[in-house]
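1. Requesting a structural model of the entry that follows:
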Amino acid sequence: DEAAATAADASAVAVIHSQEVQEKSRALEGDLQATITALEQELEQQSEAHKNAVIDKDTSAQLCVAFRDRLKAGKQLHLTSKFATNTRNALVSALQSWMQYSKKLRKDR
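-> As a prediction, this is how the structure comes out:
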């Protein structure tokens, strides 16, 4: 029964960790959506500014670099979110495998 208690404790810890990963993943996805929205708004504003004003070459180059950097940051946030989701899925799979193994051990006794 000590092994079953240890398995139950491990399962509980894995579930809590999985929930934490899910929460972090949701937060990252929310941040990603906010970044994408901000980038879309910035792109629209830059488009309007370009239509309505003459922007010299140096200013345009600086704006492009800043936009590219923001887009890279958005992509990095997306990759981080995907990693968190994949980690969560792996933890869930490991937990399910452990629970099946634990059940098998109990049956074999």
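
2. which residue is nearest the middle of this structure?
-> Nearest to the mean C-alpha position of the chain, by C-alpha atoms, centre = their mean, lies residue 81 at 1.4 Å.

3. So for that one, what's the nearest residue that isn't a sequence neighbour?
-> Nearest residue to residue 81, sequence neighbours excluded (C-beta to C-beta, 6 or more residues apart in numbering): residue 28, at 3.9 Å. All C-beta atoms are positioned from the backbone trio N, CA, C, and that covers glycine.

4. go on, residue 15?
-> Sequence neighbours aside, residue 95 is the residue nearest to residue 15 in space, at 6.6 Å (criterion: C-beta to C-beta, 6+ apart).

5. what about this protein, any weak spots by pLDDT?
-> Within the chain, the stretches with pLDDT under 70 are 53-55.

6. Can you classify the residue nearest to residue 15 by secondary structure?
-> Per DSSP: H, G, I helix; E, B strand; the rest coil, the local secondary structure of residue 95 is helix.

7. Run a quick neighbour tally on residue 28.
-> 19 (other C-beta atoms under 10 Å).

8. same deal with residue 21?
-> Using other C-beta under 10 Å, residue 21 has 19 neighbouring residues.

9. and it, what does it touch?
-> Taking C-beta atoms under 8 Å, 6 or more residues apart in numbering, we find residue 21 in contact with 84, 87, 88, 91.

10. Could you export these to JSON lines, including columns for secondary structure and neighbour count?
-> Shown next, in JSON lines, are the contacts of residue 21 (DSSP: H, G, I helix; E, B strand; the rest coil; neighbours: other C-beta atoms under 10 Å):
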{"residue": "84", "secondary structure": "helix", "neighbour count": "19"}
{"residue": "87", "secondary structure": "helix", "neighbour count": "16"}
{"residue": "88", "secondary structure": "helix", "neighbour count": "19"}
{"residue": "91", "secondary structure": "helix", "neighbour count": "18"}
